[in-house]
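K.L.:
My questions concern the predicted model and sequence given below.
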Amino acid sequence: MTIRVVRLGSPRSVDEGPRIGTVRRPPRGVPKAEFAAQDWYDVWYPTLAPSAETMKLGQEAQTPAQWAQFVKKYRAEMAAPEAGHSLALLATLSQGTNFSVGCYCADEAHCHRSVLRQLLVEKGAKIDPN
């Protein structure tokens, strides 16, 4: 049993389980009733998304120093009690069931989901290496 970290909107893998959208906003132009059918997500969970201000830092980061600033700020947001409880819950669930978390960004290395992956590992989550 594991958590997959995925790009939302990509085809689902076999046995991936439910998708949790850790994004600030729903996909544009997609009716809510179509989110799951179009492989976006089954549940929207913005609690684990960066704030709008932090997300902008990440999107605009051009240098390693700017990216590090984004990571520091996002990690600080995820240290808040509600986010911390959510990370612990997902880590615990990963011990017994398959599911995925994700974002829309094409490049995981330049996306909050790369940091989310690390945070989940730090909480003891079982993460699919792919």
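P.N.:
Everything's here; your move.
K.L.:
now Ala68, what's its secondary structure?
P.N.:
helix (DSSP: H, G, I helix; E, B strand; the rest coil).
K.L.:
That one and His112: what is the separation?
P.N.:
With distances taken as C-beta to C-beta, to the nearest Å, Ala68 is found 14 Å from His112. C-betas here are computed from N, CA, C, even on glycine.
K.L.:
So the two - more neighbours on which side?
P.N.:
His112 (26 against 11; other C-beta atoms under 10 Å).
K.L.:
from what I can see that one touches Glu77, true?
P.N.:
No. Contact criterion C-beta atoms under 8 Å: His112 and Glu77 do not qualify, at 9.7 Å.
K.L.:
Now do the shared contacts for these two.
P.N.:
Common contacts of His112 and Glu77, defined by C-beta atoms under 8 Å, 6 or more residues apart in numbering, comprise Pro50.
K.L.:
Between the two ends of stretch 49-69, how far is it?
P.N.:
16 Å (C-alpha to C-alpha, to the nearest Å).
K.L.:
what do you get for stretch 99-119?
P.N.:
16 Å.
K.L.:
which residues touch it?
P.N.:
Against stretch 99-119 from outside (C-beta under 8 Å, 6+ apart): 3-9, 16-23, 27, 41, 45, 48-50, 55, 58, 61, 67, 71, 74-75, 78, 87, 90, 93, 120, 127.
K.L.:
how distant is that stretch from the center of its chain?
P.N.:
Centroid separation for stretch 99-119 versus its chain: 5 Å, with C-alpha atoms, centre = their mean, to the nearest Å.
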